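> my questions concern the predicted model and sequence given below.
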Amino acid sequence: MIEAIIALLAGMSSVFLAYYLAALGHAIVEKSGILNLAIDGIFVLSIAVAYAEAVYTNNNILASLLLTAIVAALFGILLAFLVTKFPISHGAAGLSMMFLGYGLASLVGLPARNLQGSIKGLEIGYTIDINNPVWIAVYIIIILIGLGALFFINKTKIGAAIRAAGEDPAAAEALGVNVLMVRLFAGALGFALIGLGGAVFELAYVQVWSEGTGMGHGWLAFAISLSAGRHPLLLILSSSVFAGLVKYMTTIQAMYNIPTDLAKMLPFVAAILAMVIFMATPLRRRLAPPKSLGKIYFREERTV
Amino acid sequence: MATQAESSKSFFSSPSTETPIIKLEGITKRFPGVIALDNINLEIHRGKVHALLGENGAGKSTLVKILYGIYTPDGGRIYIDGRPVKIAGPMDAIRLGIVMVSQSPVIIDRLTVEENIVLGLEKLNMFAPIRRIREKINEVSKTVGVKIDPSTEVWKLSYTQKQLVEIVRGLLLGARVLLLDEAITYLPLEEKKKFYKFIRQFADEGGTVILITHKIPEAMDVADLITVLRRGRVVGTVPVKGTSIEEIRKMMFGEKSSEITYERLPLGSPSETILEINDLWVRGDFGDYAVKGANLKVRRGEVVGIAGVAGNGQKELIQAVMRLRPVEKGKIIYDNIDITNKTTHYLRLNGVGYIPDLPAKYGVSIENNILENIAIIPTFSKEIINWKHIKSLAYKLIREFEIKTPSPETPVKFLSGGNIMKVLVSRELTAATKLLVAYNPTRALDEATAIRVRKIIKSKVINENVAALIASEDLDEIFQISDTIVVMNSGKIVGVFPADKAKREEVEHLMVM
Amino acid sequence: MVIVRRVKPLPYWIVPVLALVVGLLISMIILYVMSGGVITPYDILLSIYYGFTNVGLLAKTFALLVIVGIGLLVSFKGAIWNIGGEGQFYMGVMLAAWVALFSGFAFNGFIAKTMMILMALLAGGFWALLAALPRAYLNIDEVPVTLMMNYIAYYIVNYITIGEWREKQYGYYRTVTIPESTMFQVIDGTTITLELLILMITIFILVWLMFKYTSLGLRIKVLSSNPNLLRSSGISVQLTILMALLLSGMIIGMAGAAYLGSVSHNISYPVEEKTPGYGYTGILVAWLSMLELIAVPIAAYIIGALHTAGINIQIMGVGGAAVVNVFIGSILLTYAVLITISEYKIKIIVKKR
Ligand SMILES: Nc1ncnc2c1ncn2[C@@H]1O[C@H](COP(=O)(O)OP(=O)(O)OP(=O)(O)O)[C@@H](O)[C@H]1O
Ligand SMILES: [Mg+2]
């Protein structure tokens, strides 16, 4: 029994880490008030970048992770800059960026795949499973990151500044926060995490690439993040549930004889239910979304 | 301009060479449709309380927002301590020792007190834990005379406490100049007095205060100098000693100033009862009872004024009458019908007008135009909107109330505060064919406009036999407009007086008892 | 750098045109660089010309995008961000397919088509309502809920498509094709169908009337600008939210029926890959129109044309299906940013230290 559970945990560790990083990144971005509809596009792009870099560097995992984080962070900075400096709709900017991400992913991934096809025996990725004790480290790292993020967001000045920018950017500015800098920081950090999530997803879980790899998983990270009320520790719970569901989908289906498509639905239903539960109970005060999430910010706007 | 030069000369008896702490040169700011500030030249000196007065829309807030870096001026220069500076954001202002406190608390509800304070504190490293500053906060709080736990979340504080937190914040950030934009207007009387004492002390110790208020007597009490703005220009700067309320009023309002009077308006002739409140119990925002068994009667043709210090249940009472807050116990009878279980919508269709507190927030939608702001009220439109009818009504209101607007299709946000208020008041007075319910109907209006609004309300009550229930924290207002004065304290009605028999001392005593 | 509001907005048309041109330039650069010189600006211009002039190819996409765009606009006007167009669309498709295939109305084309549209309307409305109720009564953000409901809808439709409704004769991964009588009628010499055209025009007029003359339209607008005013006016905020999303879903649901009747004629598996994605592109249409109803057809035309152009570029080689996305993404992102300069201006402040 214990062994079975350990095998399960080990098996899902890579997806777990991927989702956790992306969902945490998303949480940080949104805490600063930026509505992040770009997530799926950037997640897909990150997957392609990680894949391509791994192919080009003959499976240099570290280089691949690093490059992906940087590329994603650049998009985070761009999004943060645009929605903070210009009075434009977060949704429009985010969704356009999602499309851009999808597109760039193809442009980045295809040549790399052609290259991989032409070199015999070039395999990419780093497998984390029961045979690789690193899986234990993954769990420990996740918990450490969770605690660190909690401290960072709730106890430090920059954390307070991020939350202030998300609650009411005009007031935050008046209180002495440089909303632009704070959002650039949150955007860079958050998207770097999303990028890392994508890279882990590709390198440790999928390990191959074709056009469209990862599409929808960014939205899944989005769902994970919201269903945990963007709370760094609750995120551990929700991403583990989602990771388990995704990883063992086929097993569960076979076990309970559920049709594939209905099983795929489960995480989304679960996320919505979780949100309903949060908001219908006193938890709402802690886990409510930032008040100015997605609101257009214009400093000279008339206030009442 | 001449006035300014002369007065500063006369004020600084020894022609001082002292450089002003703030000097503005040719500051100009345009908004769509208005020039909010037109070539402003002004000097502010160290150790002074400098009051900035002017009618609604004169440009006072715009001026201080420019000093605090929220607005960027279109032209002109700012000198601090004689050196030219660019203030690109509040952070720059704070670095220069300038901190602003405005009428609605600009502080974030879901953060704790210490978090709010720490945000502008550059000395504290971005990644440092916040609790390091707790000691300091407690220390500064003591000098202001407040006791607030720095780790409480702000939404738990009262309005007064929030304003105090802002002051503590200003001091902790090392403010040399405090910009107070109607920061004190909404405070209860007692707190106001404390606040003024603090301001005086701050200035005496070498600090500088720019104070914006609509209460001229208060400005005369606490300030050293008064600068009057009008339509974006400086009318003049005068020392408080050696000027009079009348003179200031004349500078602010021109000929209109002669209309300003606090005499009681003519009494109405009450007829049948239209609103009756029996043993009313209502809960406040935090779940405890705010209204505790109130009884009240309002007749057609009279104004019933509810006097009381803020936070004694007036707001909840008014909201319960308007069916915007559930009634726990008791009855409200309007026009012979028990409305305890009816909706706001019902009242709207049956001749009730309503002027809420914080009108710009609850009474109008500033993104929409005047027509839409009228048509949205169910009193004026059914499922299908008759725009022709609404338009002629709008023109009528614009004419009668002298609302300054380019057209009825102008978004309300481009009007000045006073004119926004006129849109609201005129609309609600039209809706009120039987009863007008209002809470602080003239707060944040300049004197001239406030008195005009009161006169309009009163004449409507008298001429059209309408009833009015008005709660106000402003005793001048209560005494000027009411036929019956009701005093509310701790959720109970503690006194009812016919206006001609009411004594100010007695009412004041009951309010704070 | 500081952004301030213009005292006088720039003339209406200059900025959109300018923004599109700059967006186009940027997308050309990106595609040229990223494709290693394979996709040249000339190719792109050619494709764009093709996209904008190939009216025949565009017509159906255009009409469907107009309907979906209007549907989204209805909720966006109330600041209710319905990202769930895809789900509402596919619920419409599914119910319309049910009417066509199993209801027994197929014997009469007129009745069947009317029922298809009606059922799709109800289905889309119902799907939107599922997100609207928690939004109105529990204040749960509608963005994530509507978004996730898209996936739930996809999987439900998938389940039915290769389950009960599967085409069993040849074993394709799709439903049976709807009967001839229920297919919408192509207008001679065009690619668009009569029913789709009528539907589009009717919806356009009705929504125009709603925002122009009804209290509901005004209430939805005020919902976005100041819900507090609704409350103190005695209007139920909850009900207004419900109505905004309900109407939005209903309109989009009808687009689903029209899609089934005019374009696809069956549902292919898996939906999430086979979807034309109008629920998402529609969002761009609504935003591109700056939430002005009159501008929705223009926006739909531009986006439809860019889409065609993108597909054309993709046919040229390098980069797969998603090249369209680079193209649309970069143009629209640039557009979204630049459009602000009609009302705002950028000021550079030099700081001397
Ligand atoms: N953010 C803004 N956008 C557009 N117009 C504005 C803005 N802020 C102020 N205005 C306009 O500028 C003028 C000056 O406004 P300001 O708020 O400075 O007046 P004020 O003297 O503070 O008046 P009040 O006593 O009503 O507060 C008014 O006509 C107002 O409508
Ligand atoms: Mg002001």
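On my side now, so go ahead. Ligands and ions are numbered 1, 2, ... in the order given.
> the lowest-mean-pLDDT helix or strand in chain A: which residues count as buried?
Every helix and strand of chain A was ranked by mean pLDDT, DSSP states H and E. The lowest is helix A:284-287, at a mean of 77. For helix A:284-287, burial by neighbour count (16 or more other C-beta atoms under 10 Å in any protein chain shown) applies to A:Leu287. C-beta coordinates here come from the backbone N, C-alpha and C atoms, glycine included.
> which outside residues touch that helix?
Helix A:284-287 is contacted from outside by A:228-231, A:234, A:278-279, using C-beta atoms under 8 Å, 6 or more residues apart in numbering or on different chains.
> so what's the gap between that helix and the chain middle?
21 Å (C-alpha atoms, centre = their mean, to the nearest Å).
> quick one, what contacts the residue in the stretch 151-300 of chain A that chain B sits nearest to?
In the stretch 151-300 of chain A, no residue comes nearer to chain B than A:Gly176, which is 2.4 Å away by C-beta to the nearest C-beta. By C-beta under 8 Å, 6+ apart, the contact list for A:Gly176 reads B:90-91, B:94, B:119-122, B:173.
> now the most centrally placed residue in chain B: how far from B:Asp474?
Most central in chain B under C-alpha atoms, centre = their mean is B:Ala444, positioned 3.2 Å from the mean C-alpha point. B:Ala444 sits at a distance of 11 Å from B:Asp474 (criterion: C-beta to C-beta, to the nearest Å).
> from the contacts of A:Gly176, pick the one nearest chain C.
Using C-beta to the nearest C-beta, these come closest to chain C at B:Met91, 12.1 Å.
> list the contacts of that closest one.
Going by C-beta under 8 Å, 6+ apart, B:Met91 touches A:176-178, B:69, B:120, B:122.
> okay, who's weakest in those by pLDDT?
The weakest per-residue confidence within those falls on B:Glu122 (78).
> surely it and B:Arg95 touch.
Yes - counting by C-beta atoms under 8 Å, B:Arg95 is a contact partner of B:Glu122 at 7.0 Å.
> can you give me the helices in the stretch 201-350 of chain B?
Secondary structure of the stretch 201-350 of chain B (DSSP state H, counting those that start in this stretch): helices at B:216-222, B:245-253, B:314-321, B:344-349.
> so for chain C, the centremost residue is which one?
Closest-to-mean residue, chain C, C-alpha atoms, centre = their mean: C:Gly282 / 1.8 Å.
> quick one: that residue from chain B, how far?
24 Å (C-beta to the nearest C-beta, to the nearest Å).
> what's the helix or strand for that residue?
helix C:278-288 (DSSP states H and E).
> what helices or strands is that helix leaning on?
Counting contacts by 3 or more C-beta pairs under 8 Å, 6 or more residues apart in numbering or on different chains; DSSP states H and E, helix C:278-288 packs against helix A:90-118, helix C:55-77, helix C:85-102, helix C:237-259, helix C:296-315, helix C:323-338.
> quick check: closest non-adjacent residue to the one residue in the stretch 1-150 of chain C that gets nearest to ligand 1.
Of all residues in the stretch 1-150 of chain C, C:Arg5 sits closest to ligand 1, at 6.6 Å by C-beta to the nearest ligand atom. Leaving aside its sequence neighbours, C:Arg5 sits nearest to C:Tyr344 (C-beta to C-beta, 6 or more residues apart in numbering or on different chains; 5.6 Å).
> got the phi/psi numbers for the one you found?
phi -130, psi 150 (degrees, to the nearest 10).
> name the helices or strands packed onto the lengthiest helix in chain C?
Using DSSP state H, we find that the single longest helix of chain C is helix C:109-138. The contact analysis (3+ C-beta pairs under 8 Å, 6+ apart) places helix C:109-138 against helix A:260-280, helix C:85-102, helix C:142-161, helix C:194-213, helix C:237-259.
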